[in-house]
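Trainee: Return atomic coordinates for the entry below.
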Amino acid sequence: MYLNCHSYYSLNYGTVSETQLLELAKGNNISSIALTDINNTSACLNFIRESKIYGIKPIVGIDFRNGNEQQFVGLAINNEGFRELNAYLSEHLHNDTKLKPLAPDFQNAYIIYPFEKILQNEIVSFKEHEFIGVSFRELRKLPFSRYREYTDRLVLLQPVTFRNKRDFNVHRLLRAIGLNTILSKLEQCDEGSPDDRMLPKGSVLDVLKDFPNIIENTKRIIDSTHIDFVFGNQRESQNQKLYLGSKEQDFDRLSQLCYDGLEKRYPNPSDEVRERLKRELETINELGFVSYFLINHDIVSYAKSKDYPFVGRGSGANSIVAYIIGITEVDPIELDLYFERFINPFRASPPDFDIDFSWKERDDVTKYIFKRFNNVALLATYNTFKYRAAVREVGKVFGLPKEEIDKLSSGNYNLSQLDNMARLVLKYSTWVHGLPNYISVHSAGILILERPVHFYSATNLPPKGFPTVQFDMIIAEDVGIFKFDILGQRGLAKIKDAIELIRSNQPGSDIIDIAKVEVFKKDSKINSLLEKGRAIGAYYVESPAMRGLLKKLRTHDYLGLVAASSVIRPGVSSSGMKDEYIKRERDPERRKQANPHLWKIMPETHGIMVYQEDVMKVAHYFAGLDLGEADVLRRGMSGKFRSREEFTAVEQKYFNNCRERGYDEELINEVWEQIKSFAGYAFAKGHSASYAVESYQSLYLKCYFPIEFMAAVLNNGGGFYDAELYIHEARKCGAIIHPPCINTSDHPNIVIGRTIYLGFGYLRNLEKLVVRRVLTERQLNGKFRSFDDFIDRVTISMEQLTILIRIDAFRFTGIPKKELLWQGMFKSRSNGLRTPQQLLFKPKHRNFKVPTLNHRKIEDFYDQMELLGFPLCSYFDLMTEIPKSNLLARDMPDHKDRPILIYGSMVHTRLNTTSKGERMRFTTMLDMEGEFFDCVHFPQSMERTQIIGKGVYACYGKPTEEFGHFTLEVIAIKKQPLRPDPRHVNESNKIINDFTFNRD
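Mentor: Have a look, this model is predicted:
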């Protein structure tokens, strides 16, 4: 009976989920409802899926509105009608145009005009598919209007948005947030009505007892609509089904690609290789995934044609077909990759291919996909109100001052001292928390479909200009839509840029083809970098946690790195299996403690689950689940599907099967807890191997061309750390670092010999237009011969010129910076208004006599801190006091478990929350020789170990050892004062005047 129901996907309007709407209908004995969110169809597919559980007939449509002004409601008669509605809404959303008051002539959709709109527009003629919608409160007006005679056109259009008064209050908050106004200024016309609720079926019939025609017409609409999608195990893939003209052609093409490329990958293919290839091809064909492989092959072939580096990973990297045709660089025979993790006869979804491209080239690949295939869209994701954001938004709606909002959102308050208004903000924030806020674009997902995209959803058009559906990956997979993951990352750009820098700076050098990873795997120098944790700048292996793990595991080869790439993941760590794996890896005797059942299943990882496929192996071989059920278990552990009934059934079967097999309860629960703790976080082995391949490529460049590699790292935004750490690392590799130079630098960093000239891009406040002028002028007319020559040739304001002078970009002139500042002031003013037109005759410059001005080297470092964000020296060089200890990171083993004082320059810090909800901190420092050491700040010492930005800290604590890796357990810490900038200190201060800075 209800043809106009809103979920909370009516953004900043609705308050309940599509599931809660179905619960409400069932509770009110309503057998059919229509979900018609405002300018949105995000919830429609899941609404249809869930309706079967509740035994309610679903109708889907759209509430078309301009702002809060309802124009009409469209209801899909069938799936084609849903497509029509989605296409019409999408045209409006893409062009950001207002909806017209009259709907187009839909062929498979009903249009219901609200009664008030009909009165306002005086519409008197209706097509067969058009109706007049009357709400409960409008029934009073109907007998007194001429539309009472339109007996075959009248239907019930009672909006359903709220369940109770609380929902209405949340609605008002959302409206104020969406309209960016305070609650007291929210106008009634921008709200829904408190009466927009659902009455029980009996009450509806009673209200409409004098209008039997409305009941009959409404029922006729309900009975004539039918929309259906197939979900779950019965679903079919909705992806593009054919790559060529037929299934036979597709399979022939894939087989040909494999057999043509077989000997390139395996020069003398063994029987094992041939049997695996044959088995994979048969299974891929039987499950209908041939076109999926061919489309991925098409995408990477385009990348190869453009010389774009890429990495194919995901569970698809377990596939020999993917390896042979070049989608991945991971050999499944070498690594003994589990075939069934990649694909098995029970699997309804295709394997995952995550294809990484350079962040600079990903958009071009995306454009190619949209151009190459017909029905393409980006996948959406929903940003929900996080609690702190909810507090901020509700605080603004209530008109609280910023300081009060900051205090409440940070949690830094005493509840007993808050006033009533602040308490209300906290209370209402919990109501808003978790509701959808806005649609965003999935980080990687692209959909390539058999049918038009609007068959499933309306589309938005985000700033990059690619149509984006309005649903997320979970419901997409439910209905049989499987995304292609096209990602952008900086690691590949670093590799490509480093090679270009090497060819430019060392044209005669012999660079090994970056694809020849087998050579790198056997290189003892590269493996030594891994074992010692000296991998700064290298993809995926440079973080403090990863470097520590590599040292603990004594990782010295490719297979060890593959394992480490998954062991580092949160689930393995949190379950305690990481420590046990390290112990068994280091101590062969320890391996004998492994449970014999698990050892037999996972001998390579010493009986410990490390990879995603280990979960499937244990579920299959240990608990007797079939491979389909094992995959449900693996996916369910991610949390996305854990509440689903199919996961609950598999969980119960796990316990029943284990008991039937005679395992004791302790073992059953222990294995289950291991599965539960990390299955959703661990990598597939092929995925880890793909990461390891890229890590080795980065390490090769770091090992043999460190200066060019570090410059490339800096040019691509760094990585885990800030730019100054990579500059420090480059200096350790033998580089000489120069600040930007007006005659040498470019926008990015450049390398000349062993010297890295920092790019103009590092100067925070230097305008891009100024950089472009400087570089263009230099390119067209040569280097600048003098400061006067620069002034003549480049149009620049004194403010921008000052930045260049202070960073010492004119050092080639030999003129001190302070004198240049005065000269710049005089000469830029004497030129008056400048024109970009080339001067026929150069003006003659007057050289003003400027007195000798005192300059200290420390002033340069403070200029660098202000303009670059960091000094081009060590923070130790800026200390006011002589360190009271000369201990270094390498001295820690000699003072194990005994308090020491060690000075460190802070590199990186992060807060963590313990299992008890207490805060602790991990910090990475550089000692006085520039070597790393790690600190841990436990909750009991957090007050005494506060980190306040970059600088030098005196760290008092105990070195503790774990598997050969030392960490300082900090007891107390104190930030050391730095010498002040003498320009900002009273010059009469004798201490400052007498200070001589000796270090250059």
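Trainee: got any ranges where this protein has weak pLDDT?
Mentor: 344-346, 571-575, 636-646, 678-681, 829-848, 850-851, 985-1000 (pLDDT under 70).
Trainee: where do the helices sit along the stretch 301-450 of the chain?
Mentor: 320-324, 339-342, 362-372, 387-397, 402-410, 420-432 (DSSP state H, counting those that start in this stretch).
Trainee: Tell me which of these sits most buried.
Mentor: helix 320-324 (a mean of 27; mean count of other C-beta atoms under 10 Å). Where you see a C-beta, it was placed from the backbone N, CA and C, and this is true even at glycine.
Trainee: Who are the packing partners of that one?
Mentor: Contact here means 3 or more C-beta pairs under 8 Å, 6 or more residues apart in numbering; DSSP states H and E; on that basis helix 320-324 packs against helix 247-265, helix 271-286, helix 290-305.
Trainee: Could you check the angle the first one makes with helix 271-286?
Mentor: By that I understand helix 247-265. 160 degrees (axes from the mean of the first three to the mean of the last three C-alpha atoms, to 10 degrees).
Trainee: in helix 247-265, what's buried?
Mentor: Asp250, Phe251, Arg253, Leu254, Ser255, Leu257, Cys258, Leu262, Arg265 (16 or more other C-beta atoms under 10 Å).
Trainee: can you put the helices and strands packed on helix 320-324 in JSON lines and add distance to Leu186?
Mentor: Shown next, in JSON lines, are the helices and strands packed on helix 320-324 (distance: least, C-beta to C-beta, whole Å):
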{"stretch": "helix 247-265", "distance to Leu186": "57"}
{"stretch": "helix 271-286", "distance to Leu186": "57"}
{"stretch": "helix 290-305", "distance to Leu186": "48"}
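Trainee: mind checking the SS state of Glu80?
Mentor: helix (DSSP: H, G, I helix; E, B strand; the rest coil).
Trainee: Go through the helices and strands packed on helix 320-324 and name the closest to Gly662.
Mentor: helix 271-286 (33.1 Å; C-beta to C-beta).
Trainee: got the contact list for that closest one?
Mentor: 251, 254-255, 258, 262, 266, 290, 293, 319-321, 324, 332-333, 339, 342-345 (C-beta atoms under 8 Å, 6 or more residues apart in numbering).
Trainee: what's the distance between that helix and the middle of its chain?
Mentor: How far helix 271-286 lies from its chain's middle: 35 Å, per C-alpha atoms, centre = their mean, to the nearest Å.
Trainee: Same question for it: list its buried residues.
Mentor: Val273, Arg276, Leu277, Glu280, Leu281, Thr283, Ile284, Asn285.
Trainee: repeat for stretch 609-627
Mentor: Neighbour-count burial for stretch 609-627 [16+ other C-beta under 10 Å]: 609-620, 622-625, 627.
Trainee: Kindly report the same for stretch 8-24.
Mentor: By neighbour count with 16+ other C-beta under 10 Å, stretch 8-24 contains the buried residues 8-19, 21-24.
Trainee: Tell me the one of the residues you listed nearest Ser828?
Mentor: The closest of the buried residues of stretch 8-24, once distances to Ser828 are taken by C-beta to C-beta, is Asn12, at 50.5 Å.
Trainee: now the closest residue to Ala809 other than its chain neighbours: how far from Tyr757?
Mentor: Distances taken as C-beta to C-beta, 6 or more residues apart in numbering put Ile742 closest to Ala809, at 4.4 Å, once the chain neighbours are dropped. According to C-beta to C-beta, to the nearest Å, Ile742 stands 11 Å off from Tyr757.
Trainee: what do you get for Pro706?
Mentor: Pro706 is 17 Å from Tyr757, by C-beta to C-beta.
Trainee: a markdown table for the buried residues of helix 247-265, including distance to Leu598?
Mentor: Converted to a markdown table, these look like this (distance: C-beta to C-beta, whole Å):
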| residue | distance to Leu598 |
| --- | --- |
| Asp250 | 41 |
| Phe251 | 39 |
| Arg253 | 42 |
| Leu254 | 37 |
| Ser255 | 38 |
| Leu257 | 39 |
| Cys258 | 35 |
| Leu262 | 35 |
| Arg265 | 33 |
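Trainee: Count the residues that sit near the residue lying closest to Asp808 once chain neighbours are set aside.
Mentor: Closest residue to Asp808 apart from its sequence neighbours, by C-beta to C-beta, 6+ apart: Pro739 at 5.5 Å. Using other C-beta atoms under 10 Å, the number of residues around Pro739 comes to 20.
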